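J.: Predicted structure and sequence below. I'll ask about it afterward.
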Amino acid sequence: MQGLLHPPAPATGVPASYGPSGRLPIELLSEIFLLCVDESVDARNTIQIPLLLSNICSRWRAAAINNPQLWSRLFIQLSGTASKSKTALVDTWLSRSAACPLTIYVFWEQAPFADTHAVLEKLMDHSERWKTMFFYLPYRAFKSFARVRNRLPMLTDLSLGTDDDVLLSSPSLSPLDASSNFNMFEVAPRLRSLECVNFSPTILRFPWAQLEDIPLLSGNIEDCLGILNRGKRLAKVSVIFVEGGPVAWHPAPQSPALLGGAGSAYPYVCHNHLTCLTIMTPPWNEFVDLGALFPHLTLPHLETLTICNLNSTFGDEFTQFLSRLHMLKTLHLRKTALPDDQLVEGLKHLSSLTTLIVLSSSSSLPTTAAALVNAANGVNPEPTVTRYLLEALTRNFFSNDAMDGMLLPHLQKLELTVSSTAARELDTFIDMLQSRLRDDDGLARLEHVRVRPCVDLDDEFLIRLIELRDFGLDVEVESMAAGVGI
């Protein structure tokens, strides 16, 4: 690395610049260098390519070194001991990037760990230039960021993560302590996107009122509702529910207006700005009880709802939650335990839906410890894509009236898993698709269908699907082996 940072002078007799690039203006050459890297923030695009460009010849070196944008991004992995090569690399990038806003990804996953690191200290010296920052560190190191408080004028995107087990119940970590060690990101006037991986964001203080996007956060029901309640400008939120909530939930026949009142464990949240919500659980705990979430939440402008890896019971509260999503366009269910009849009841309320995605696990074998225990006890989740769902999606299934009998009258895109159960319903499956290819006034025509088989489909199934292309339907069948469409 030292040799790359300080290369030897070109050999005597070798021209400093040659070929067509030698006739290009330096400004144009610098712009071409920026096209040599893509948007990925990794070692190749942020370290290897800039160093290579600066070591071809003296002219290229001058063009590269004098291009601050080329050095304004850095991907770096730390170890417990600060090596001279790592600190020299950081110094070089900070110097060559001049006054450019910084995009830096830092991973510290290798012991020994400490309260801070020489590289972190160097980065904090330039916190006024932080724009997009990703820190995956031992939790104890986050306290060292106290010195950047009130020094984050350009920060727009922040991602924090840790491998440590951070307990909300620990007094030393409680946000109620109001310790200055935990308010370092509270003042960041341009911060719009926040991500917290493997710990609850409520431990630290953030300017929730100005945030617009939370690509990923870990927490429970109380965290989710609290953040939505404070983040009135949030448009997109993705939550990994590591647990349901700190208190037991017992459903009661209450209206939304009564929820969140005196004596309620959770606040009732009506968020008028959120358009995209993703709900997930971690692979090691797919049975998180989210029964208390849905009755406490109304999202009148939600357009996309994604639920992944949730194998707990949904309950009637989920159907009632769907009934309040009057502007939902996309519903994406992946590896859920939602029964077919409950899904159909929910879909009856989603007349605005244009895209429906219902995917089961790609394998019929249990893959988690909880699933293995259930399988051993003879408890297996029923498939969601069944004959009943296919019939319900068939036009005029509920009524002969074109408008009254149409579930999802504006559906244009459909993506379904075909398990062994659905594979036996070939006629029902094809009838459903054909019924949505008619041109009826006021009803949308199905434009795209994607089939994801969990079992090998026989030739007849594939042929009848492909034949629907003759009717103008865009048909895609994913290969089980390659994961590509045919």
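T.: Arrived safely.
J.: average model confidence for stretch 312-322?
T.: Summarised as a single mean, pLDDT over stretch 312-322 is 90.
J.: For this structure, name the helix or strand with the lowest mean pLDDT.
T.: Using mean pLDDT, DSSP states H and E, helix 369-376 stands out as the lowest-scoring helix or strand of the chain, at a mean of 45.
J.: What's the first helix or strand after it?
T.: The first helix or strand that comes after helix 369-376 along the chain, using DSSP states H and E, is helix 387-393.
J.: and that next one, which residues are buried?
T.: Taking 16 or more other CB atoms under 10 Å as the basis for neighbour counts, the residues of helix 387-393 that come out buried are 388-393. From N, CA and C alone the C-beta is placed, and that goes for glycine too.
J.: Quick one: neighbours of the nearest residue to L393 once chain neighbours are set aside, just the number.
T.: With sequence-adjacent residues excluded and distances taken as CB to CB, 6 or more residues apart in numbering, L393 is closest to M432, at 5.1 Å. M432 sits with 22 neighbouring residues when counted by other CB atoms under 10 Å.
J.: Show me where the stretch 1-150 of the chain has its helices.
T.: Assigned helices in the stretch 1-150 of the chain, in chain order: 2-5, 26-34, 43, 49-53, 58-65, 84-96, 118-124 (criterion: DSSP state H, counting those that start in this stretch).
J.: Now flag whichever of the buried residues of helix 387-393 is closest to C196.
T.: Distance ranking of the buried residues of helix 387-393 against C196, using CB to CB, places L389 first at 36.1 Å.
J.: tell me the contacts of that closest one?
T.: Residues in contact with L389, defined by CB atoms under 8 Å, 6 or more residues apart in numbering, are 340, 343-344, 358.
J.: quick one on the thing from earlier: ok, of the buried residues of helix 387-393, which one's closest to G291?
T.: Using CB to CB, the shortest approach to G291 within the buried residues of helix 387-393 belongs to L389, at 22.9 Å.
J.: hang on, the earlier thing: quick one: closest of the helices of the stretch 1-150 of the chain to T298.
T.: Distances from T298 to each of the helices of the stretch 1-150 of the chain were compared using CB to CB; the minimum, 41.5 Å, belongs to helix 118-124.
J.: In the stretch 301-450 of the chain, where is pLDDT below threshold?
T.: Applying pLDDT under 70 to the stretch 301-450 of the chain picks out residues 361-382, 397-405.
J.: what's stretch 456-474 in contact with?
T.: So stretch 456-474 is contacted by 418, 423, 426, 430, 433-434, 437, 446-449, 451, 475, 477, 480 (CB under 8 Å, 6+ apart).
J.: List the buried residues in it.
T.: Taking 16+ other CB under 10 Å as the neighbour-count basis, stretch 456-474 is seen to contain the buried residues 457, 461-462, 465, 468, 473.
J.: Stretch 417-437 now?
T.: Applying a neighbour-count criterion of 16+ other CB under 10 Å, the buried positions in stretch 417-437 are 417-419, 421-423, 425-426, 428-430, 432-434, 436.
J.: Repeat that for stretch 219-232.
T.: Under the neighbour-count criterion of 16+ other CB under 10 Å, stretch 219-232 has 219-229, 231 buried.
J.: okay, those in a markdown table with pLDDT next?
T.: Formatted as a markdown table, the entries for these read as follows, by pLDDT from 0 to 100:
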| residue | pLDDT |
| --- | --- |
| G219 | 90 |
| N220 | 91 |
| I221 | 93 |
| E222 | 91 |
| D223 | 92 |
| C224 | 94 |
| L225 | 94 |
| G226 | 93 |
| I227 | 94 |
| L228 | 95 |
| N229 | 94 |
| G231 | 95 |
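J.: Out of those residues, list just those in helices.
T.: Those of the buried residues of stretch 219-232 mapping onto helices are 221-229, per DSSP state H.
J.: F33: what's its closest spatial neighbour, skipping adjacent residues?
T.: Closest to F33 by CB to CB, 6+ apart is L53, at 5.3 Å.
J.: Just the pLDDT at the one you found, thanks.
T.: 89.
J.: again with the one 3 residues further on
T.: Note for I56: predicted pLDDT of 85.
J.: cool, A178 as well?
T.: At A178 the predicted local distance difference test score is 43.
J.: swap in F182?
T.: 80.
J.: That one: neighbouring residues, count only.
T.: Other residues near F182 number 19, with proximity taken as other CB under 10 Å.
J.: separation between the closest residue to it other than its chain neighbours and N183?
T.: Ranked by CB to CB, 6+ apart and with sequence neighbours excluded, the top spatial neighbour of F182 is L204, at 5.1 Å. For L204, the distance to N183 equals 7 Å [CB to CB, to the nearest Å].
J.: I'd like to know which of the contacts of stretch 456-474 are part of helices.
T.: Those of the contacts of stretch 456-474 mapping onto helices are 423, 426, 430, 433-434, per DSSP H.
J.: Spit out the contact partners of the residue nearest to A422 when sequence neighbours are not counted.
T.: Once flanking residues are discounted, A422 sits nearest to V385: 4.7 Å by CB to CB, 6+ apart. Contacts of V385 were listed using CB under 8 Å, 6+ apart, and they are 340, 358, 360, 416-419, 421-422.
J.: try 10 Å this time
T.: Residues touching V385, when contacts are defined by CB atoms under 10 Å, 6 or more residues apart in numbering, comprise 333, 340, 343, 358-360, 393, 416-419, 421-423, 425, 429, 452, 454.
J.: ok, F294 - how many residues close by?
T.: Once other CB under 10 Å is used to define contacts, F294 is seen to have 21 neighbours.
J.: Going by secondary structure, the closest residue in space to it that isn't next to it in sequence is in what exactly?
T.: Once flanking residues are discounted, F294 sits nearest to F321: 3.8 Å by CB to CB, 6+ apart. F321 belongs to helix 316-322 when elements are defined using DSSP H and E.
J.: Just the CA coordinates for the helix or strand just after that helix, please, in PDB.
T.: Using DSSP H and E, the helix or strand that directly follows helix 316-322 along the chain is strand 330-336. Output in PDB follows, covering the C-alpha atoms of strand 330-336 (Å, rounded to 0.1, in the frame of the first residue of the first chain):
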ATOM      1  CA  THR A 330     -48.300  -2.600  -3.900                       C
ATOM      2  CA  LEU A 331     -48.700  -5.400  -1.400                       C
ATOM      3  CA  HIS A 332     -45.700  -7.700  -1.100                       C
ATOM      4  CA  LEU A 333     -45.900 -10.700   1.200                       C
ATOM      5  CA  ARG A 334     -42.800 -12.900   1.400                       C
ATOM      6  CA  LYS A 335     -42.500 -16.000   3.700                       C
ATOM      7  CA  THR A 336     -45.500 -15.100   5.900                       C
END
